[in-house]
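K.L.:
predicted model, plus sequence, below.
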Amino acid sequence: MNVALWIVQGLLAALFLFAGGAKLVMSLDQMAGPVALPGWFLRFIGVAEVLGALGLILPGLLRIRSGLTPLAAAGLVIIMTGATVIGLVGGMVAVALMNVVVALLAAFVAYGRWRLAPLGGSSRQSVLRPAR
């Protein structure tokens, strides 16, 4: 289970680093889609995606605050739920379905790192406890 979670975490991190990075470097005109979203909101989502991608990988690699990984994955589920709604509103059903798949993978990581195979034997409270 640990190997499967690391594979999904790596793939999701790559996806969100690319997508979030693109939102940060592209011009607002290039990001225009079928549903008009404010530029500041697109930049905010880009920052959240990059931070979420880092949160999927860095706590496990550095063995610091490993309880943040399921929280990062849960945050990415929220982002992908919003992306699914925007895709459906914009009439892009295929894109919305792809967003649902990514959200389900992020939910798998969130649940897996919280309950099935926590990193470094961490628990839900490891975010609240100081590192020793």
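P.N.:
Okay, I see it.
K.L.:
and the residue nearest the centre of the chain, what helix or strand is that in?
P.N.:
Residue closest to the mean C-alpha point of the chain, counted by C-alpha atoms, centre = their mean, is Leu76 at 3.1 Å. Assigned by DSSP states H and E, Leu76 belongs to helix 68-89.
K.L.:
contacts for that helix, please.
P.N.:
Contacts with helix 68-89, where a contact means C-beta atoms under 8 Å, 6 or more residues apart in numbering, come from 9, 12, 16, 33, 35, 37, 45, 48-49, 51-52, 54-56, 59-60, 93, 95-96, 99-100, 102-103, 106-107, 109-111, 113-114, 119, 127. C-betas here are computed from N, CA, C, even on glycine.
K.L.:
count of neighbours near the nearest residue to Leu5 once chain neighbours are set aside?
P.N.:
Distances taken as C-beta to C-beta, 6 or more residues apart in numbering put Gly112 closest to Leu5, at 4.6 Å, once the chain neighbours are dropped. Other residues lying near Gly112 total 21 when counted by other C-beta atoms under 10 Å.
K.L.:
can you give me phi and psi for Gly112?
P.N.:
phi -60, psi -40 (degrees, to the nearest 10).
K.L.:
ok, now which ones touch it?
P.N.:
The contact partners of Gly112, taken as C-beta under 8 Å, 6+ apart, are Met1, Ala4, Leu5.
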